[in-house]
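J.: I'd like to go over a predicted model; first the sequence, then the structure.
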Amino acid sequence: MLTPVTSHNQTIYHNLAQAYEAEFSPLTDKSPGPDGVFALDTLLDDNVRGYLCYVNKTPVGLAAIAQHQEREFEVCEFYIVPRFRKAGLGARFARAIWANSPGLWTIKQIAGADYATQFWRRAIAQAGIEEMEEDTYHDPYWGTVMRQRFRYDMSSSN
């Protein structure tokens, strides 16, 4: 379920990221460039790791995870192909990511992404996390966002 992005599968990550950017374009007001490709807001680098989610051999999701400090992480991007939603796959993918990097987690949703906020609330609750802080936060890049913060360790999981 949790496949790290490497040079061998980076093209798959970028292809899925285009679908993600297109889906969120009404909220981000982004358009593709002259080449038909959306610029990515989060680039994978030393502090940001990418993951792919597969069902059988089909890539159906991605995540970009930033590490800000030791054991302090942020979900920067998270996407499941619409056909594969509503079956718990996204929540399982999120739990696999959290279990891979236990610690303090932050997740933010841009204004208008109420469905994403509802997804994250459910995923956090399904993971057995009882203490979660949620607030409205002014992000320097995105403006006003909804933010969840919680600690995840192996004892958090069901």
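T.: Here it is on my side, so go on. Numbering: from 1, shown residues only.
J.: my read is Ile12 is in a helix, agree?
T.: Yes. Assessed with DSSP: H, G, I helix; E, B strand; the rest coil, Ile12 lies in a helix.
J.: that one: how many residues sit nearby?
T.: Ile12: 16 surrounding residues under other Cβ atoms under 10 Å. Every C-beta, even on glycine, is put in place using the N, C-alpha and C of the backbone.
J.: now name the helix or strand holding the closest residue to it other than its chain neighbours.
T.: Excluding the flanking residues, the one nearest Ile12 by Cβ to Cβ, 6 or more residues apart in numbering is Pro59, at 5.0 Å. Using DSSP states H and E, Pro59 falls within strand 58-69.
J.: what residues sit buried inside that strand?
T.: 59-66 (16 or more other Cβ atoms under 10 Å).
J.: would you tell me what the next helix or strand after it is?
T.: Heading C-terminal from strand 58-69 (DSSP H and E), you reach strand 72-80.
J.: residues contacting the residue positioned nearest the centre of the chain?
T.: Ranked by distance to the mean C-alpha position of the chain (Cα atoms, centre = their mean), the top residue is Phe78 at 2.4 Å. Phe78 is in contact with 61-64, 90, 93-94, 107, counting by Cβ atoms under 8 Å, 6 or more residues apart in numbering.
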